[in-house]
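# Just a sequence and a predicted model for now, questions to come.
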Amino acid sequence: MVAEYTYDLAIIGGGIHGVSVAQAAAAKGYSVLLLEQSALAAGTSSRSSKLIHGGLRYLESAQFNVVRECLTERALLLKLAPELVQLIPFYSPIYRNTQRRPWQISIGLNIYRALGGFQQSGEFSRLSHHQWHNLDGLTTDNLNAVFRFWDAQTDDAQLTQAVMRSAQSLGAELVMPAQFIAAELDKTGATLSYQHNGRQHSCRVRTLINAAGPWVNLVLQKITPTTRQCHIDLVQGSHILLPNKLNQGIFYVEAPQDQRAVFLMPWQGNTLIGTTEHHYQGDPAKVQPLPEEESYLMEVAAHYFPHLAALKVIDSFAGLRVLPTANGSPFGRSRETILLTDRSKQPRVLTIYGGKLTAYRAAAEAVLLKLHTTLPERKAIADTRLLPLSPP
Ligand SMILES: Cc1cc2nc3c(=O)[nH]c(=O)nc-3n(C[C@H](O)[C@H](O)[C@H](O)COP(=O)(O)OP(=O)(O)OC[C@H]3O[C@@H](n4cnc5c(N)ncnc54)[C@H](O)[C@@H]3O)c2cc1C
């Protein structure tokens, strides 16, 4: 058995979770290798709704810890990455037949504000009637109330790249494109092999981080001996882009078809609308928006902004949520990040399931905490709560 290590940690996947573990581990003084099969943020981390938010709707399913953690991370990112993460007003219109009533939204926003530590960004207001005609053409037929609150927007792919640059500046190594092929676990670590530049490489690591997003269980199939895995559903979420700019901010509406929350957001001079929920089976690399998802989102847009009805979709994309298998609609399922290790006292593999773009830094800290029996003491060289992030 070889006990000499090339790296303390090897990470599979260059999405937000992989790069954030690389940053956190390098900051703690560990040697890190990150393997990404195509490009940074090529998976879900460039196909999200691009919100850095607490997730107001998670209050309905009592996910208070998720909301609190996300709001704490939002506050931190607004400080550390002001060019990448910006506050933006959100508008929540309530009509006569909207399921959520004004008093419910008001209670929700008060709880949201409290969970965010009563910061200025948690302030909200109910617009007066004469402000309604300034809302980018929002229909006012049967409108009862409009609430304005604040959350943040980012460029998810750029944020992922910025975190990787930060990790590299602390010494983490990125190999890309590099496909993880297999790993053999033993008592002292893992021997890993991967394909890069047409050649097979191998190295010895103390621990392996599986941050492969929707590919997560495919990666576990390549690890011997077999290790624990979670049963998951892949749930696709699509967005469409319309050639029209919303000037006031993000509109947070209830889909008339099924009362799900849908966002209409200004995005690079156009309007981004999402998202949907559709069970997915097959190769994660091949996920595509479906025609029925596009019509669903167009119907929502036209219902609230009739002038958008005539526009043609100029782009669309789909991403995959990784959710623990359960019965019923995915809408109310937990968005907590699940960290699963092999059962040994000194885990050799840690797998990341699910999670939020917003809480990536906290998730990475939790990963390292779980590995405290595996990783040796090292002198930290930085603290991720203090590391600025910027675009290139
Ligand atoms: C539709 C949708 C909207 C969302 N909106 C938001 C939002 O607005 N705000 C928010 O906070 N969260 C949001 N989320 C959640 C968030 O986007 C995800 O939790 C996050 O992006 C997942 O990142 P990840 O690193 O785990 O996975 P991914 O970004 O998918 O990264 C996995 C990476 O692993 C690589 N990989 C896979 N297999 C291998 C292999 N064998 N070898 C090498 N590399 C490999 C892939 O190429 C990929 O780049 C949304 C999610 C979805 C689906």
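Sure, I can see it.
# where does the stretch 101-250 of the chain dip in pLDDT?
Applying pLDDT under 70 to the stretch 101-250 of the chain picks out no residues at all.
# what does it have sitting close to the ligand?
Q179, F180, A211, A212, G213, P214, W215, V219, G237 (Cβ under 6 Å from any ligand atom). In short, each C-beta sits where N, CA and C put it, glycine included.
# Kindly recompute the last result at 8 Å.
Applying Cβ under 8 Å from any ligand atom, one finds that the stretch 101-250 of the chain approaches the ligand through 156, 160, 178-181, 194, 211-216, 218-219, 222, 235-239.
# Can you say which of the residues you listed are buried?
156, 160, 178, 180, 194, 211-216, 219, 235-239 (16 or more other Cβ atoms under 10 Å).
# now the helices for the stretch 251-392 of the chain?
291-304, 360-370 (DSSP state H, counting those that start in this stretch).
# Kindly present those as TSV, with separate columns for mean neighbour count, distance to T72 and mean pLDDT.
Formatted as TSV, the helices of the stretch 251-392 of the chain follow (neighbours: other Cβ atoms under 10 Å; distance: least, Cβ to Cβ, whole Å; pLDDT from 0 to 100):
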stretch	mean neighbour count	distance to T72	mean pLDDT
helix 291-304	18	31	98
helix 360-370	21	8	97
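# I'd like to know which of those helices is closest to the ligand.
helix 360-370 (7.5 Å; Cβ to the nearest ligand atom).
# what packs against the closest one?
helix 16-27, helix 64-80, strand 338-341, strand 349-353 (3 or more Cβ pairs under 8 Å, 6 or more residues apart in numbering; DSSP states H and E).
# Return the most buried member of these.
Greatest average neighbour count among these goes to helix 16-27 (a mean of 30), per mean count of other Cβ atoms under 10 Å.
# What mean pLDDT does that helix get?
Here helix 16-27 scores 98 as its mean pLDDT.
# can you give me how far stretch 89-101 is from the chain middle?
25 Å (Cα atoms, centre = their mean, to the nearest Å).
# Buried by neighbour count: which residues of that stretch qualify?
Here stretch 89-101 shows F90, Y91, S92, P93, I94, Y95, T98 as buried, counting by 16+ other Cβ under 10 Å.
# Quick check: which of those residues are also close to the ligand?
Of the buried residues of stretch 89-101, not one also sits near the ligand (Cβ under 8 Å from any ligand atom).
# Which one of those is nearest to the ligand?
Taking the buried residues of stretch 89-101 together and measuring to the ligand by Cβ to the nearest ligand atom, the closest member is F90, at 12.2 Å.
# Quick one, grab the pLDDT at that closest one.
So, for F90, pLDDT stands at 97.
# For the helices and strands packed on helix 360-370, could you give me CSV that also reports distance to the ligand?
Converted to CSV, those look like this (distance: least, Cβ to the nearest ligand atom, whole Å):
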stretch, distance to the ligand
helix 16-27, 4
helix 64-80, 7
strand 338-341, 11
strand 349-353, 6
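# Make TSV out of those and add distance to L320.
Formatted as TSV, the helices and strands packed on helix 360-370 follow (distance: least, Cβ to Cβ, whole Å):
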stretch	distance to L320
helix 16-27	14
helix 64-80	19
strand 338-341	16
strand 349-353	12
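# Please identify which of these is closest to H231.
strand 349-353 (10.2 Å; Cβ to Cβ).
# How far away from the center of its chain is the closest one?
16 Å.
# Return the list of strands paired to that strand, each annotated with direction.
Paired with strand 349-353 in the same sheet, following DSSP bridges, are strand 199-210 (parallel), strand 338-341 (antiparallel).
# Next, the angle from it to helix 16-27.
140 degrees (axes from the mean of the first three to the mean of the last three Cα atoms, to 10 degrees).
# Just the residues contacting strand 349-353, thanks.
Strand 349-353 is contacted by residues 17, 21, 183, 185, 190, 207-211, 216, 219-220, 223, 227-230, 232, 322, 324, 337-342, 363, 367, 370-371 when judged by Cβ atoms under 8 Å, 6 or more residues apart in numbering.
# quick one on the thing from earlier: give me the subset of the buried ones among the residues of the stretch 101-250 of the chain next to the ligand lying in strands.
Per DSSP state E, strands hold the following members of those: A178, F180, Y194, V235, Q236, G237, S238, H239.
# List phi and psi for the closest residue in space to the second one that isn't next to it in sequence.
Sequence neighbours aside, I12 is the residue nearest to F180 in space, at 4.5 Å (criterion: Cβ to Cβ, 6 or more residues apart in numbering). The phi and psi values for I12, taken as degrees, to the nearest 10, are phi -100, psi 110.
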